[in-house]
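*Asks:* using only what follows, build the 3D model:
(one chain, ligands or ions: 1)
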Amino acid sequence: MLRFAQLCEAVAGTTKKLEKRKLVAEYFRAQPEQTASQAAIFLSGDIYPAFSERTLNVGGSTVWRAVQQLTGRSEQEMSEAYRRHGDLGAAAYELWSCEFSGSVLALPDLAKLLDDIATARGPAAKLERVSVLLRQCSALEAKYAIKMMVGDLRIGMRESLVEEAIAAAYDKSELAVRRANMLLGDIGETLRLAAEDRLHEASMRLFHPLGFMLAPEVKSSEEAVSYFTDAQIEDKYDGIRAQVHCGEGRVRIFSRTQDEISESFPELIPVFQDSPEALVLDGEILAWGTGTTDSKNANGSALPFSALQRRLGRKRVSDKLMREVPIVYIAFDVLFANNELTIDRPLRERSEMLTRIVSSLVETQHAASFVSCATQSSLAFDPEEIATSFPRIVRAPVAQAHTADEIDQIFMEARARGNEGLMIKNRETLYTPGRRGHAWLKMKRELATLDCVVTAVEFGNGKRAGVLSDYTFAVRGENGELMNVGKAYSGLTDAEIAEMTQWFKGHTLTDFGHSRLVEPKIVLEVAFNNIMRSDRHESGFALRFPRIVRLRPDKPPDEADTVKRVEEIYLSQHRAQ
Ligand code: AMP
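*Replies:* Model (predicted):
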């Protein structure tokens, strides 16, 4: 562990990627395979390999209490140290005064102690196990053990850099390492195979999630065609990404964070259960208005994310909820079929395969009409049909475009259908999990922005630990009273944040240490993806993914937007459907 902590310290000490990679590669080579393999997982920022569904499940506050007990420091001393560093591990390093036994904690032992924390039930048991671990650490070891427990090493390593270091350490190609890791979802095992010259043995594990292909945003259709012109275009649906694995009567559905979410969507299971072949599909789960529950959606069409939200994170779903918020799976890619990993085929071919697969899934359910009536122009279903047989799987309708004008036209149609925007995909490219290249692009338009008043502020983390950079903001109620609608990390420049910090310090109403209520005088323009109903804020609404666009010093707080305006935008999202 001490060597590992020293390595982390050295890696954190340089900003040069090449240098970091060299340090890690040297460390891997010098360590026994088991230690190097464990370190590869830790350096990727995890406790367990990616494919595993285990989590440490220990809150920052538990670790905080353990540090406090072991160092015997007051809450104030702890808070001050935390604020100086913006990181509990670094704060603990400064305060550490525990008797160190001097015994050497090997990395595999550390893994075992972390596992003990994971399996402990209840906060008291967790606290006890965290203390047991930390008592065996020197100050430097504690620093990194704590960082790992709170889930953030902050040494500028990413899994992709660990992959590169493995390739360098064992003289393998980066591509081979990356591919093995993608298939296995286990960087530790990947290291082992590389060390033993067995990378070619890595194979996909059905029922364990693969990485998802990601898409950077483009601001215009002109920018999109600057990357490629033979584009396959689909609507960008506002649901949740879902990777479905099925075969031999089994079905597992994974979210973008690679967590299993099958239980939340029981009505999707039968769609895939009878699949005659093993499949891995990529797609989006959407809430779907059938016309039976909401007159605005008489034709049946996608509902905004706020509707789907009621279905998320549930272990059990009542029949009532399934009726109230029906869902569909919009399939847009295939990663495994025909006993073959299809990610190495161009999208053009995958796309044809997918069309065939979805039709055959539909046929096995004796409901050919399920997809046939979904048209690109409306992506709507015949209400009569919906009443009897609701479509659960839809192949995402596909359009093709070669020019910016064509893309703009399709974009407008997608918005009119109530979808977020477009996904623009290069027909010639392979499926590259976990990478945000330029093979897929997303194009979306922000909803209106809101001018909000800052009511509370908090110290940030990391390099923003010493400045008040997280803002809670409000809109005006009927009588001008302020009602919070969201909270965002500042999108302002460092200079603006520094200036605002001074201002907020001088205009604090109540100081809670880490956070403060402030005089409601600062107006911000805030952008967001959409608006949801929420009990969290007194306004009854919450902005989804709020982003601070700019300060509005030109606007007095009594001209900030109102709850009524928020409600109008919220309703317009529904009308757009
Ligand atoms: P964002 O969440 O804004 O980064 O946009 C990417 C997300 O859009 C993906 O992760 C999917 O969940 C979602 N999405 C919606 N429709 C599609 C589609 N047709 N193709 C790919 N991703 C889509």
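
*Asks:* what helix or strand does the residue of the stretch 51-200 of the chain found nearest the ligand sit in?
*Replies:* Here the residue of the stretch 51-200 of the chain nearest the ligand is Met182; by CB to the nearest ligand atom that distance is 16.7 Å. From N, CA and C alone the C-beta is placed, and that goes for glycine too. Of the helices and strands defined by DSSP states H and E, Met182 is found in helix 174-184.

*Asks:* so which bits of that helix are buried?
*Replies:* Buried residues in helix 174-184, counting neighbours by 16 or more other CB atoms under 10 Å, are found at 176-184.

*Asks:* and of the residues you listed, the nearest to Phe28?
*Replies:* For Phe28, the closest of the buried residues of helix 174-184 turns out to be Val177, at 11.7 Å, with distances computed as CB to CB.

*Asks:* roughly how far does that closest one sit from Ala165?
*Replies:* Look at Val177 and Ala165: by CB to CB, to the nearest Å, they are 9 Å apart.

*Asks:* and what of Ile146?
*Replies:* Counting by CB to CB, the separation of Ile146 from Ala165 is 23 Å.

*Asks:* same question for Ile327.
*Replies:* Where Ala165 is concerned, Ile327 sits at a distance of 42 Å (CB to CB).

*Asks:* quick one: the strands in the stretch 351-500 of the chain, in order.
*Replies:* Defined through DSSP state E, counting those that start in this stretch, the strands belonging to the stretch 351-500 of the chain, from first to last, are 393-395, 399-401, 421-426, 440-444, 450-459, 468-476, 482-489.

*Asks:* switch these over to CSV; also include distance to Ser360, mean pLDDT and mean neighbour count.
*Replies:* Rendered in CSV, the data for the strands of the stretch 351-500 of the chain read as follows (distance: least, CB to CB, whole Å; pLDDT from 0 to 100; neighbours: other CB atoms under 10 Å):
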stretch, distance to Ser360, mean pLDDT, mean neighbour count
strand 393-395, 11, 90, 23
strand 399-401, 23, 94, 17
strand 421-426, 23, 96, 24
strand 440-444, 26, 92, 21
strand 450-459, 47, 94, 23
strand 468-476, 50, 94, 24
strand 482-489, 45, 91, 20
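
*Asks:* out of these, nearest to Leu153?
*Replies:* With distances scored as CB to CB, the stretch of the strands of the stretch 351-500 of the chain nearest to Leu153 is strand 482-489 (20.1 Å).

*Asks:* elements contacting that closest one?
*Replies:* The contact analysis (3 or more CB pairs under 8 Å, 6 or more residues apart in numbering; DSSP states H and E) places strand 482-489 against strand 450-459, strand 468-476, strand 541-544, helix 563-575.

*Asks:* dump those to JSON lines, plus distance to the ligand.
*Replies:* Output for the helices and strands packed on strand 482-489, formatted as JSON lines (distance: least, CB to the nearest ligand atom, whole Å):
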{"stretch": "strand 450-459", "distance to the ligand": "20"}
{"stretch": "strand 468-476", "distance to the ligand": "22"}
{"stretch": "strand 541-544", "distance to the ligand": "11"}
{"stretch": "helix 563-575", "distance to the ligand": "16"}
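
*Asks:* any stretches of the stretch 301-450 of the chain with poor pLDDT?
*Replies:* By pLDDT under 70, the low-scoring segments of the stretch 301-450 of the chain are 301, 365-391, 434-436, 445-447.

*Asks:* can you list the residues of it near the ligand?
*Replies:* 332, 396, 423, 442 (CB under 6 Å from any ligand atom).

*Asks:* ok now stretch 258-266, how far from the chain's centre?
*Replies:* 16 Å (CA atoms, centre = their mean, to the nearest Å).

*Asks:* my error: substitute stretch 125-144 in the last question.
*Replies:* Offset of stretch 125-144 from its chain centre (CA atoms, centre = their mean): 29 Å.

*Asks:* span of that stretch from start to end?
*Replies:* For stretch 125-144, the first-to-last residue distance is 22 Å (CA to CA, to the nearest Å).

*Asks:* hmm, who's touching that stretch?
*Replies:* 1-2, 4-6, 8-9, 57-58, 62-63, 65-67, 69-70, 89-90, 92-93, 96, 98, 100-101, 103, 105, 110, 113-114, 116-117, 120, 145-146, 149, 153 (CB atoms under 8 Å, 6 or more residues apart in numbering).

*Asks:* do you have the helices of the stretch 251-400 of the chain handy? List them.
*Replies:* When assigned using DSSP state H, counting those that start in this stretch, the helices of the stretch 251-400 of the chain occupy the ranges 269-273, 305-308, 319-324, 347-364, 369-372, 383-388.

*Asks:* mean neighbour count and distance to Ala30 for the ones you listed - can I get that in JSON lines?
*Replies:* Formatted as JSON lines, the entries for the helices of the stretch 251-400 of the chain read as follows, by neighbours: other CB atoms under 10 Å; distance: least, CB to CB, whole Å:
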{"stretch": "helix 269-273", "mean neighbour count": "19", "distance to Ala30": "47"}
{"stretch": "helix 305-308", "mean neighbour count": "22", "distance to Ala30": "49"}
{"stretch": "helix 319-324", "mean neighbour count": "12", "distance to Ala30": "55"}
{"stretch": "helix 347-364", "mean neighbour count": "18", "distance to Ala30": "43"}
{"stretch": "helix 369-372", "mean neighbour count": "17", "distance to Ala30": "57"}
{"stretch": "helix 383-388", "mean neighbour count": "13", "distance to Ala30": "64"}
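
*Asks:* so which of these gets nearest Asp230?
*Replies:* Go through these one by one with CB to CB and the one that ends up closest to Asp230 is helix 347-364, at 8.6 Å.
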